[in-house]
Structure formats: C-alpha cells, structure tokens
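> Okay, sequence plus prediction incoming.
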Amino acid sequence: MLNLFSLAASVYPAAQIVFISSVGAVAGNSGGELGPTSESNIRTLDAAHANGYSQSKLLAELLCETASQLLEIPVVIARVGGVERPACAGDVWNRSEWLPSFVKSSFHLGCLPDSLGLRFSSVDWMPSDPIAEVIVDTAMADMPSTQASSNAAQEYNIAIFKLRNPSTTT
C-alpha cells in the first residue's frame, strides 16, 4: 500500500485512493454505539470482528487514514456488507457457497436448526452489480471538501461510506 500512497501523492492534485473495506472492520466494536454500519473513522484495533480478514481490513483503513494525514491525499473507504452474485445472473446460486450447502445438507439430514445465531438472524446481502456501480461512481466523483463536518474523518480528507442492503429479511 505504501507504493500506492506514494504514487497518489506524487501527482498534483493528489490522486484519490478508494479502499474497499468490510463492515466486519467495525462490527466487533464492544461499545455498540458505532455498530457494524458505522460511517465514522475508528481509532481502536478491537473494533473489528475477531478474525484475520476483518482485522486486516481495519488495519488497512488505519493505514489509509495515516497516509491521508501525512501525504495529504484524499481517501474514500467503502465498508461493504454481504455481497452476492450479480442481479443479472439469474436465479441459480453457486451450490458451493455456505448457504446453499447448508440448505442441501439440512434437506439430506431431514432437519433444520431453530436459529443460525445472532450474526445470521437477518439477511442483508446485496448483488455485486449495484455495489460495483456505487464504487465506480464514488471513485469518479470529486472528493468532498474538508469543510466543517460532524464526521471526524472529514478533517483528514477521508470519506467513509457503508454499502449494505437497507432492506433486511429474516
């Protein structure tokens, strides 16, 4: 990432960096006030889910924030939730993914669990094509100015967005 930050800072005006993160980077926040869909910058390493993927996304976000401060480059962080196949792909799920495999196994066993646990109690996945469109639109848009904002990240020329399906189902 260091070379990418250096490249972005080497041109005038500085090139904008768009980093695709995960809602898992903030979903482990013990305080609960930010939650998994936060659009705020995070300054604590225990904010991520307790897995390597989420922790690495949080660490990369912190690197982006530091690069923005030190090199004065604009950074956009997109915290993406669950991503599924493109909407245009039709009605066929990839049978090797966890949910189709789970349903097939449950059918074979003749039973279903009462619950999938709190983490999977609601489904908020989004098709990949609208997520891609939003990310491209964001990357092509001008970075918002660093004017006074309630978002503390804005002071460092950072914009943080969440990309989750607002309509969940259970």
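Received, thanks.

> for the most centrally placed residue in the chain, which residues make a bridge with it?
For the chain, the residue nearest the mean C-alpha position is Arg79 (2.0 Å; CA atoms, centre = their mean). Taking DSSP bridges as the rule, Arg79 bridges to Ser21, Lys162.

> My guess is it contacts Ile135. True?
No. Applying CB atoms under 8 Å, one finds Arg79 not in contact with Ile135, separated by 11.5 Å. For the C-beta atoms, the positions are set from N, CA and C on the backbone; glycine is no exception.

> Now do the shared contacts for these two.
Between them, Arg79 and Ile135 have Leu163 as joint contacts when contacts are counted by CB atoms under 8 Å, 6 or more residues apart in numbering.

> Torsion angles phi and psi at Thr44?
Thr44 adopts backbone torsions of phi -130, psi 140, taken as degrees, to the nearest 10.

> Distance of it relative to Ser68?
18 Å (CB to CB, to the nearest Å).

> So those two - more neighbours on which side?
A side-by-side neighbour count of Thr44 and Ser68, using other CB atoms under 10 Å, places Ser68 first with 24 against 14.

> what's the more buried one in contact with, if anything?
17, 74-75, 156-158.

> Farthest-apart pair in the residues you listed, please.
Greatest spatial distance in these: Ile17 and Tyr156, 12.2 Å, computed using CB to CB.

> got any residues that touch both of those two?
Between them, Ile17 and Tyr156 share these contacting residues under CB under 8 Å, 6+ apart: 68, 75.

> Can you pick out the residue with more neighbours from the two?
Between Ile17 and Tyr156, counted using other CB under 10 Å, Ile17 has the larger neighbour count: 22 against 19.

> correct me, but that one touches Val76?
Yes. Contact criterion CB under 8 Å: Ile17 and Val76 qualify, at 7.1 Å.
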